[in-house]
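S.K.: Predicted model follows, preceded by the sequence.
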Amino acid sequence: MTTQDVLVWLLPPLLLVMGLLTAGHALLNKRDSKAAFGWIALCIILPAAGPIMYLLFGINRVRTRAQRDYITKINRDSLQTIAEPDGTSFRPLSLIGETLARKGLSSCSDIQIYENGDKLYPAMLDAINNATDRVLLASYIFDNNKTGRDFARALASAQRRGVQVKVLLDGMGEMMSLPRIGGHLSELGIQYTRFNPLKLFPPSLNLNMRNHRKLMIVDGLLAFTGGTNIGDRHLSNSASNPHRVQDIHFGLRGKIVDELEWAFWQDWYYCTGDPDAEKFRGCNVNDESAETWTRLILDGPNRDLDKLSQLINGVIAASKERVYLMTPYFLPTFDLIGTLISARLRGVKITILLPGTNNIKIADWASRNSVRQLLESGLDIRYQPPPFVHSKLLLVDDEYALIGSPNIDPRSLRLNYELGVEVFSRPFNESLRQYFELRAEVSEPITLNWLRERSLLIRLRDSLAWLFSPYL
């Protein structure tokens, strides 16, 4: 018997065993029944490719390590919070995040709104140029283009002044711009690390579990966070910019900065594996007379899994008057669909703004299939005009806002490391409400007739894309 004959006899049972082992792993380890069923079906339909795809995309390789040492790297004794600040009436909304995060609120002395990189980048660069002690920067995407190099030069200049500079890059997000910015940072002598980098040797090809957080902390007194990455694409004022993106970002001062800096150091020590992490000491104190109160909610595939998803469902379920939601990717779970419809049945005004032009076509197609049930229940869903709008906002009633990095899709809420900041403030909510309603006025309502009048091929395409929504 030749080698070829042996392979012909051995290959089918080998593929069968691989498929059964992979399906069994998915069945035992996936918490989402749809995800488990999808992987099992894929392994049956594609017995050779299915297990390989599961190996690359389906296994949470960092969860065990994250649960072991991700949270315990640095002390957080200095992060005192206040459950119910005197003179406030934020409950029951504030109780939801308190229960999930197991901590109260942190005061915020100032919060600024920056629309698009045109306004954000000058403020960030000015903060770097005036830093005296430390600049800590984390970005999912840090493009190696003019904007990225402007930031690199500013960081290098700060470092030459004696400022401590550390940069955290996501291992896959950094590859969105080639050559990678890490090489340029090395040339400038800037200390940086990569979160969960992709490597061939030793093999580490996991495309999930990305660090999608965007953070910059300056001197422990000023923090920037939101949805904006670093790159020319976020300079949206120039119509000649072929890939321009609109977004919103925030600058914060007060005790919340300590929370955000602690989150940065968690990520940093997780990436570097430094066993001698310094004890964290915040620079700020809670101002009990503050008008704005905040709370950091971390989310990731460790013990923080599903915190943002549960928070979003919880605050919408507690809404009384209105819910305004803006997101670039909208692939809601059945839980969220049910929560939104339930709120609508209680008389809550719900408006959802999505981008009319999307940079990820398959996510856009899947989203069109997802909104049908919501439209049938009378929700107001609209497409914003181009360019692509990457903004993420959730406003509930008059005093609650959730800002930060998460999108409304399974990848963001289950597979990525994300952060959200709850903001309890009537003036801040009012500012964002005005911004949202101006965007809504120029947006095009999605109608059931439009969905139904699409061609059969388009509807089939969108439905097929929706089947892959847990991984988009």
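M.R.: Great, that's in hand.

S.K.: So which residues of the stretch 251-400 of the chain form helices?
M.R.: Using DSSP state H, counting those that start in this stretch, the helices of the stretch 251-400 of the chain run over residues 256-272, 307-317, 334-345, 361-370, 372-376.

S.K.: got TSV for the ones you listed, with mean neighbour count and mean pLDDT too?
M.R.: All C-beta spots, glycine's among them, are computed from the backbone N, C-alpha and C. Converted to TSV, the helices of the stretch 251-400 of the chain look like this (neighbours: other C-beta atoms under 10 Å; pLDDT from 0 to 100):
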stretch	mean neighbour count	mean pLDDT
helix 256-272	23	93
helix 307-317	21	97
helix 334-345	16	96
helix 361-370	20	92
helix 372-376	16	93
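
S.K.: Tell me which of those sits nearest to Arg411.
M.R.: Across the helices of the stretch 251-400 of the chain, Arg411 has its closest neighbour in helix 361-370 (8.9 Å, C-beta to C-beta).

S.K.: on contacts alone, who are the packing partners of the closest one?
M.R.: helix 456-467 (3 or more C-beta pairs under 8 Å, 6 or more residues apart in numbering; DSSP states H and E).

S.K.: Quick check, Leu325 in contact with Leu354.
M.R.: No. Leu325 is beyond contact range of Leu354, at 9.2 Å (criterion: C-beta atoms under 8 Å).

S.K.: Output the below-cut-off pLDDT ranges for the stretch 1-150 of the chain.
M.R.: 1-12, 15-16, 19, 26-27, 29-35, 37-39, 52, 55-78 (pLDDT under 70).

S.K.: try it again with 90
M.R.: 1-80, 86-88 (pLDDT under 90).

S.K.: Now do the helices in it.
M.R.: 3-29, 33-45, 49-53, 63-65, 93-101, 116-129, 146-160.

S.K.: What are the buried residues along the last one?
M.R.: Along helix 146-160, these residues count as buried under the neighbour rule (16 or more other C-beta atoms under 10 Å): Thr147, Gly148, Asp150, Phe151, Ala152, Ala154, Leu155, Ala156, Ala158, Gln159.

S.K.: got it, and the fifth one?
M.R.: Of all the residues in helix 93-101, those buried under the rule 16+ other C-beta under 10 Å are Leu93, Ser94, Ile96, Gly97, Glu98, Leu100, Ala101.

S.K.: now those in CSV, with distance to Val423?
M.R.: CSV is the format used below for those (distance: C-beta to C-beta, whole Å):
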residue, distance to Val423
Leu93, 11
Ser94, 11
Ile96, 14
Gly97, 11
Glu98, 15
Leu100, 16
Ala101, 14
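
S.K.: Now for Leu215: which residues touch it?
M.R.: Leu136, Leu137, Ala138, Ser139, Ala223, Phe224, Thr225, Leu260, Ala263, Phe264, Leu419 (C-beta atoms under 8 Å, 6 or more residues apart in numbering).

S.K.: For PyMOL, what selects the buried ones among these?
M.R.: Burial among these is assessed by 16+ other C-beta under 10 Å; the matching PyMOL selection reads:
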select buried, resi 136+137+138+139+223+224+225+260+263+264+419
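
S.K.: now, among the contacts of Leu215, which is nearest to Pro386?
M.R.: Nearest to Pro386 among the contacts of Leu215, with distances taken as C-beta to C-beta, is Ser139, at 24.3 Å.

S.K.: Please verify my assumption that the closest one contacts Leu169.
M.R.: Yes. Ser139 is within contact range of Leu169, at 6.8 Å (criterion: C-beta under 8 Å).

S.K.: mind listing what the residue nearest to the spatial centre of the chain touches?
M.R.: With distances taken as C-alpha atoms, centre = their mean, Pro406 lies nearest the centre of the chain, 3.0 Å away. Residues in contact with Pro406 (C-beta under 8 Å, 6+ apart) are His212, Asp299, Leu308, Lys392, Ser412, Leu413, Asn416, Glu418, Leu419, Gly420.
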